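# structure for the following, please:
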Amino acid sequence: MSSLSLFCKSVEISLKTGTDIRDITPALEQLIYDSQVENGSLNATMVGSTGSLTTIEYESGVVSDLIAAVNRMAPPDLEYAHELAWHDGNGHSHVQAALMGPSIVLPIRKGRLKMGTWQQVVAINHDNRRRQRTIEVSIIGTTV
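Numbers count the residues shown, from 1 in each chain. Here you go, the predicted model:
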């Protein structure tokens, strides 16, 4: 008989000065294994206002393309009101992260993330300095 389970953990990741993109799929898969959830959902949120989560095909061409697209959406060399107030040079970082979003929800089926063959979950640092990022993960679903 299966039962409903809630499993919560954090993932810590070091990211270089933005835009830095890292594959976190293996860490999330490990948490699913640890949770023993067979079918359900994984909810992940990056803590902080200058980081985001998404899925891509994690290969150098797509990574480069995404970095270029993010920098076109909110170019680092524009003047931002945030910088006029705080003088920290990262106004673009906040805008980029807000446009990308800090959270992702993914299905779990048969104890694995249900994603496309070439799809990976990535963490992105948009800030103008290195960051140690915390990603809060909640897994809810049925266990056998």
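# tell me what the longest helix along the chain is packed against?
Secondary structure of the chain read by DSSP state H shows that its longest helix is helix 60-73. The contact analysis (3 or more Cβ pairs under 8 Å, 6 or more residues apart in numbering; DSSP states H and E) places helix 60-73 against strand 20-23, strand 51-56, helix 91-100. For glycine as for every other residue, the C-beta is placed from the backbone atoms N, C-alpha and C.
# out of the ones you listed, flag the one nearest residue 63.
strand 20-23 (5.3 Å; Cβ to Cβ).
# could you identify the helix or strand that succeeds that closest one?
Using DSSP states H and E, the next helix or strand after strand 20-23 towards the C-terminus is helix 25-35.
# which strands or helices does that next one pack on?
strand 3-15, strand 37-46, strand 112-113, strand 120-125, strand 131-143.
# what's the most buried one of those?
strand 120-125 (a mean of 24; mean count of other Cβ atoms under 10 Å).
# just list what that one packs against, helices and strands only.
Strand 120-125 is packed against strand 3-15, strand 20-23, helix 25-35, strand 51-56, strand 131-143, with contacts defined by 3+ Cβ pairs under 8 Å, 6+ apart.
# want to throw the ones you listed into a markdown table with distance to residue 118?
A markdown table is the format used below for the helices and strands packed on strand 120-125 (distance: least, Cβ to Cβ, whole Å):
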| stretch | distance to residue 118 |
| --- | --- |
| strand 3-15 | 21 |
| strand 20-23 | 12 |
| helix 25-35 | 11 |
| strand 51-56 | 9 |
| strand 131-143 | 22 |
